[in-house]
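K.L.:
starting from these lines, generate the structure:
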Amino acid sequence: MSSLAADAVEASTAPALARMPLSSHLREARTRSFRATAALLTGVVAGYLLSDHILEVVRAPISALAESRDASLNYDSITGAFDLRLKIALFAGVALSSPVWMHELLAFLAPGLSTREKRYTFGFLAASVPLFIGGCLMGFLLFPHMVELLASFASTEDSTLLQASYYVDFILKIVLATGVAFVLPVFVVMLNLLGVVSAAAIARSWRLVVVAIVLFSAVVTPAADVLSMFLIAIPMTLLFLIALLLAWLHDRRVGESAVGTTEA
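P.N.:
Below you'll find the predicted structure:
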């Protein structure tokens, strides 16, 4: 039996094996949603308790600027400080609870997937999750240097008064953008492995991809901050070229295998 036929049989039998009454699906969805929500709330509480330490890290570049000029973090409303802590707690909660809610989501979807689909899905997650975390960590390490670099354009005689909500949004955008940038090559290679796009098609669309990367960088960085946009766009473009190389190597290997099969 050919691999395509095996995949077809596998795809047709997997849902049958996983078939259950609608009420059972609803009960399982409710149970897993409850677990994911409980993990998220626990993560939010932990994030709120850790918000003081997170704010210390966030304030570090401002403290360094204050050594050479008047620099401070400011709140534009009475509830500004509380709102900022809630925002930090929410993002920290989503990050801390991600292993739980991702596991619950995959566990709910897995019975309906064939073996091939499971292999691709879990392979994609196994590669993308650590890369996304690594990208976020890189963004977290990168933001103090970006703040220092961007603030250096102002004269030392000027004051640097940063609005707290804008400043934290700036940091979150940098962290998330670098995380997404690290996942980009895995996503492109995944599409290539699935046969959705070939390396040649990716190469032909490089102009559109570069434009999309620039637009994405412009969205995730503050308005009129051209330097930050390029600091995000350039690494993403390099990662796209790496993905193109991996896709080309895969297509070349598949082509050589097909030629060998024909000759045999």
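
K.L.:
which helix or strand contains residue 161?
P.N.:
When elements are assigned from DSSP states H and E, residue 161 belongs to strand 160-163.

K.L.:
which is the next helix or strand following that strand?
P.N.:
helix 164-193.

K.L.:
buried sites along that next one?
P.N.:
For helix 164-193, a neighbour-count test (16 or more other CB atoms under 10 Å) marks 164-165, 167-168, 170-186, 188-192 as buried. The way it works is simple: take the backbone N, C-alpha and C, and place the C-beta from them, glycine included.

K.L.:
okay, helices next: where are they in the chain?
P.N.:
3-18, 22-49, 51-66, 80-109, 115-151, 164-193, 199-204, 206-220, 226-263 (DSSP state H).

K.L.:
to residue 158, which of these lies closest?
P.N.:
The closest of these to residue 158 is helix 115-151. By CB to CB, the value is 9.5 Å.

K.L.:
show me what that closest one is packed up against.
P.N.:
Packing contacts for helix 115-151, counted by 3 or more CB pairs under 8 Å, 6 or more residues apart in numbering; DSSP states H and E, involve helix 3-18, helix 51-66, helix 80-109, helix 164-193, helix 226-263.

K.L.:
pLDDT weak spots in the stretch 101-250 of the chain?
P.N.:
Along the stretch 101-250 of the chain, segments meeting pLDDT under 70 span 219-225, 228.

K.L.:
pLDDT at residue 90, what is it?
P.N.:
Note for residue 90: predicted pLDDT of 91.

K.L.:
now the one 3 residues further on
P.N.:
The score at residue 93 is 89. That number is its pLDDT.

K.L.:
for burial, what's the neighbour tally of it?
P.N.:
20 (other CB atoms under 10 Å).

K.L.:
how near is residue 94 to residue 179?
P.N.:
Separation of residue 94 from residue 179 (CB to CB, to the nearest Å) stands at 12 Å.

K.L.:
so how far is residue 254 from the residue lying closest to residue 197 once chain neighbours are set aside?
P.N.:
Spatial nearest neighbour of residue 197, chain neighbours left out: residue 191 (5.0 Å); criterion: CB to CB, 6 or more residues apart in numbering. Using CB to CB, we find residue 191 at a distance of 14 Å from residue 254.

K.L.:
please apply the same query to residue 87.
P.N.:
47 Å.

K.L.:
ok, the two, which is more surrounded?
P.N.:
Taking other CB under 10 Å, residue 87 and residue 254 do not tie; residue 87 has more neighbours (17 against 14).
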